[in-house]
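Trainee: this one's structure only:
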(Lines give C-alpha, C1' and ligand atoms only; values in the text may rest on other atoms or scores of the structure.)
Protein backbone atom coordinates (compact mmCIF):
# COMPACT_ATOMS: atom_id res chain seq x y z
CA UNK A 1 0.00 0.00 0.00
CA UNK A 2 1.16 3.53 -0.75
CA UNK A 3 2.18 6.18 1.77
CA UNK A 4 -0.17 9.17 2.03
CA UNK A 5 1.17 12.26 0.28
CA UNK A 6 -1.18 14.83 1.81
CA UNK A 7 -3.10 15.31 5.04
CA UNK A 8 -5.77 17.76 6.07
CA UNK A 9 -7.42 18.48 9.40
CA UNK A 10 -11.11 18.94 10.02
CA UNK A 11 -13.53 19.13 12.91
CA UNK A 12 -17.25 19.00 13.49
CA UNK A 13 -20.06 18.99 16.03
CA UNK A 14 -23.41 17.23 15.89
CA UNK A 15 -26.51 17.22 18.09
CA UNK A 16 -29.43 14.78 17.85
CA UNK A 17 -31.71 12.73 20.10
CA UNK A 18 -30.09 9.54 18.77
CA UNK A 19 -26.42 8.85 19.53
CA UNK A 20 -25.56 7.47 16.08
CA UNK A 21 -27.28 10.32 14.25
CA UNK A 22 -25.42 12.80 16.45
CA UNK A 23 -22.15 11.24 15.26
CA UNK A 24 -23.38 11.42 11.64
CA UNK A 25 -24.20 15.11 12.10
CA UNK A 26 -20.71 15.75 13.48
CA UNK A 27 -19.19 13.95 10.47
CA UNK A 28 -21.36 16.06 8.14
CA UNK A 29 -20.23 19.21 9.89
CA UNK A 30 -16.62 18.06 9.43
CA UNK A 31 -17.22 17.24 5.73
CA UNK A 32 -16.54 13.51 6.27
CA UNK A 33 -19.98 11.88 6.21
CA UNK A 34 -19.86 10.54 2.60
CA UNK A 35 -16.73 8.44 3.18
CA UNK A 36 -15.97 5.06 4.76
CA UNK A 37 -13.56 6.15 7.46
CA UNK A 38 -10.85 3.79 8.69
CA UNK A 39 -9.00 4.98 11.75
CA UNK A 40 -5.28 4.30 11.89
CA UNK A 41 -2.56 4.82 14.46
CA UNK A 42 -0.69 8.03 14.96
CA UNK A 43 2.07 8.28 12.36
CA UNK A 44 2.45 11.46 10.30
CA UNK A 45 3.96 10.24 7.00
CA UNK A 46 7.38 11.66 6.05
CA UNK A 47 7.15 14.49 3.54
CA UNK A 48 3.32 14.55 3.53
CA UNK A 49 2.04 18.00 2.67
CA UNK A 50 -0.39 19.57 5.10
CA UNK A 51 -3.22 21.11 3.10
CA UNK A 52 -6.46 22.85 3.99
CA UNK A 53 -9.78 21.05 4.35
CA UNK A 54 -11.06 23.00 1.35
CA UNK A 55 -8.14 21.77 -0.73
CA UNK A 56 -8.36 18.20 0.57
CA UNK A 57 -12.06 17.33 0.30
CA UNK A 58 -12.20 17.51 -3.53
CA UNK A 59 -9.59 14.72 -3.65
CA UNK A 60 -12.08 12.30 -2.08
CA UNK A 61 -15.04 10.47 -3.66
CA UNK A 62 -18.29 9.44 -1.90
CA UNK A 63 -18.08 5.85 -0.69
CA UNK A 64 -14.29 5.82 -0.80
CA UNK A 65 -12.34 4.16 2.01
CA UNK A 66 -10.48 7.02 3.67
CA UNK A 67 -7.79 6.62 6.30
CA UNK A 68 -7.68 9.06 9.21
CA UNK A 69 -6.56 9.63 12.76
CA UNK A 70 -9.72 10.55 14.66
CA UNK A 71 -10.63 11.79 18.12
CA UNK A 72 -14.27 11.90 19.20
CA UNK A 73 -16.49 12.03 22.23
CA UNK A 74 -20.22 12.16 22.95
CA UNK A 75 -22.50 13.00 25.86
CA UNK A 76 -26.18 13.44 26.61
CA UNK A 77 -25.64 14.80 30.12
CA UNK A 78 -27.00 18.35 30.35
CA UNK A 79 -24.20 20.81 31.13
CA UNK A 80 -21.38 18.38 30.34
CA UNK A 81 -18.73 19.55 27.89
CA UNK A 82 -16.97 17.18 25.49
CA UNK A 83 -13.75 18.03 23.68
CA UNK A 84 -11.67 16.30 21.02
CA UNK A 85 -8.31 17.11 19.48
CA UNK A 86 -5.66 15.81 17.13
CA UNK A 87 -2.12 16.96 17.90
CA UNK A 88 0.76 17.13 15.42
CA UNK A 89 4.55 17.03 15.76
CA UNK A 90 6.75 17.15 12.67
CA UNK A 91 10.53 16.57 12.64
CA UNK A 92 13.02 19.09 11.26
CA UNK A 93 14.55 16.41 9.03
CA UNK A 94 11.85 14.91 6.84
CA UNK A 95 14.06 12.47 4.95
CA UNK A 96 12.26 9.21 5.73
CA UNK A 97 11.57 10.40 9.31
CA UNK A 98 7.92 10.30 10.31
CA UNK A 99 6.19 12.63 12.71
CA UNK A 100 3.34 11.95 15.08
CA UNK A 101 -0.36 12.64 15.26
CA UNK A 102 -2.12 12.09 18.57
CA UNK A 103 -5.82 11.74 19.18
CA UNK A 104 -7.25 12.82 22.51
CA UNK A 105 -10.67 13.48 23.97
CA UNK A 106 -11.76 14.70 27.38
CA UNK A 107 -14.76 15.94 29.29
CA UNK A 108 -15.29 19.23 31.06
CA UNK A 109 -12.17 20.87 29.59
CA UNK A 110 -11.84 23.62 27.00
CA UNK A 111 -10.84 23.06 23.39
CA UNK A 112 -7.55 24.78 24.16
CA UNK A 113 -6.76 22.50 27.13
CA UNK A 114 -7.65 19.39 25.14
CA UNK A 115 -5.60 20.62 22.19
CA UNK A 116 -2.53 21.45 24.22
CA UNK A 117 -2.61 17.97 25.75
CA UNK A 118 -2.88 16.34 22.30
CA UNK A 119 -0.05 18.53 20.99
CA UNK A 120 2.05 17.59 24.01
CA UNK A 121 1.41 13.87 23.39
CA UNK A 122 2.52 14.11 19.75
CA UNK A 123 5.61 16.16 20.57
CA UNK A 124 6.61 13.86 23.42
CA UNK A 125 6.34 10.76 21.22
CA UNK A 126 8.55 12.44 18.61
CA UNK A 127 11.01 13.68 21.25
CA UNK A 128 11.56 10.11 22.47
CA UNK A 129 12.69 9.03 18.98
CA UNK A 130 15.40 11.70 19.02
CA UNK A 131 16.39 11.10 22.65
CA UNK A 132 15.71 14.74 23.49
CA UNK A 133 16.18 15.00 27.25
CA UNK A 134 13.15 16.35 29.09
CA UNK A 135 11.42 16.10 32.43
CA UNK A 136 7.91 14.71 31.89
CA UNK A 137 6.77 16.48 35.07
CA UNK A 138 7.40 19.97 33.67
CA UNK A 139 4.58 21.96 32.08
CA UNK A 140 3.89 21.53 28.36
CA UNK A 141 4.96 25.11 27.57
CA UNK A 142 8.40 24.46 29.09
CA UNK A 143 8.85 21.14 27.29
CA UNK A 144 7.64 22.69 24.03
CA UNK A 145 10.50 25.19 24.21
CA UNK A 146 13.01 22.37 24.89
CA UNK A 147 11.67 20.34 21.95
CA UNK A 148 11.80 23.29 19.55
CA UNK A 149 15.23 24.42 20.80
CA UNK A 150 16.63 20.94 20.06
CA UNK A 151 16.38 21.74 16.35
CA UNK A 152 14.96 18.28 15.74
CA UNK A 153 11.27 19.16 16.00
CA UNK A 154 10.20 21.92 13.64
CA UNK A 155 6.47 22.18 14.24
CA UNK A 156 3.85 21.28 16.78
CA UNK A 157 0.18 22.19 16.57
CA UNK A 158 -3.32 20.88 17.20
CA UNK A 159 -6.87 21.08 15.88
CA UNK A 160 -9.56 20.95 18.54
CA UNK A 161 -13.25 21.43 19.16
CA UNK A 162 -15.62 21.25 22.10
CA UNK A 163 -19.35 21.46 22.76
CA UNK A 164 -21.64 21.48 25.78
CA UNK A 165 -24.82 19.40 25.95
CA UNK A 166 -27.63 21.86 26.52
CA UNK A 167 -30.89 19.91 26.29
CA UNK A 168 -30.20 16.23 26.90
CA UNK A 169 -29.79 15.43 23.19
CA UNK A 170 -26.62 13.56 22.22
CA UNK A 171 -23.80 16.03 21.56
CA UNK A 172 -20.83 14.73 19.57
CA UNK A 173 -17.49 16.29 18.72
CA UNK A 174 -15.08 14.89 16.16
CA UNK A 175 -11.62 15.95 14.94
CA UNK A 176 -9.69 14.12 12.23
CA UNK A 177 -6.43 14.19 10.35
CA UNK A 178 -7.45 12.84 6.94
CA UNK A 179 -4.94 11.19 4.62
CA UNK A 180 -4.90 11.68 0.83
CA UNK A 181 -3.27 8.79 -0.98
CA UNK A 182 -1.08 9.26 -4.11
CA UNK A 183 -2.80 9.68 -7.49
CA UNK A 184 -5.90 11.36 -6.11
CA UNK A 185 -7.25 14.15 -8.23
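Mentor: Cool, got the structure. All values reported here derive from a predicted model rather than from experimental measurement.

Trainee: ranges for the helices of this protein?
Mentor: 19-30, 53-56, 111-129, 140-149 (DSSP state H).

Trainee: which stretches of this structure aren't confidently modelled?
Mentor: Under the criterion pLDDT under 70, the flagged ranges of the chain are 1, 94-95, 184-185.

Trainee: Pick out the residue closest to the middle of it.
Mentor: Nearest residue to the geometric centre of the chain (C-alpha atoms, centre = their mean): residue 86, 2.2 Å.

Trainee: doesn't residue 103 make contact with it?
Mentor: Yes. Look at residue 86 against residue 103 with C-beta atoms under 8 Å: they come within range, at 5.5 Å. Where you see a C-beta, it was placed from the backbone N, CA and C, and this is true even at glycine.

Trainee: Kindly point out which residues are neighbours of both of the two.
Mentor: Taking C-beta atoms under 8 Å, 6 or more residues apart in numbering as the contact rule, residue 86 and residue 103 both touch 69-71, 118, 175.

Trainee: ok, now which ones touch the residue nearest to the centre of the chain?
Mentor: Per C-beta under 8 Å, 6+ apart, neighbours of residue 86: 9, 69-71, 101-104, 118, 158-160, 175-177.

Trainee: Tell me how far the closest residue to residue 62 other than its chain neighbours lies from residue 173.
Mentor: Of all residues not flanking residue 62 in the chain, residue 34 sits nearest, at 4.0 Å (C-beta to C-beta, 6 or more residues apart in numbering). Separation of residue 34 from residue 173 (C-beta to C-beta, to the nearest Å): 20 Å.

Trainee: more neighbours, the two?
Mentor: In this comparison of residue 34 against residue 173, neighbours counted by other C-beta atoms under 10 Å, the higher total goes to residue 173 at 30 against 14.

Trainee: And the strands in this structure?
Mentor: Assigned by DSSP state E, the chain shows strands spanning 6-16, 36-39, 43-44, 49-51, 65-75, 81-91, 99-107, 153-164, 170-180.
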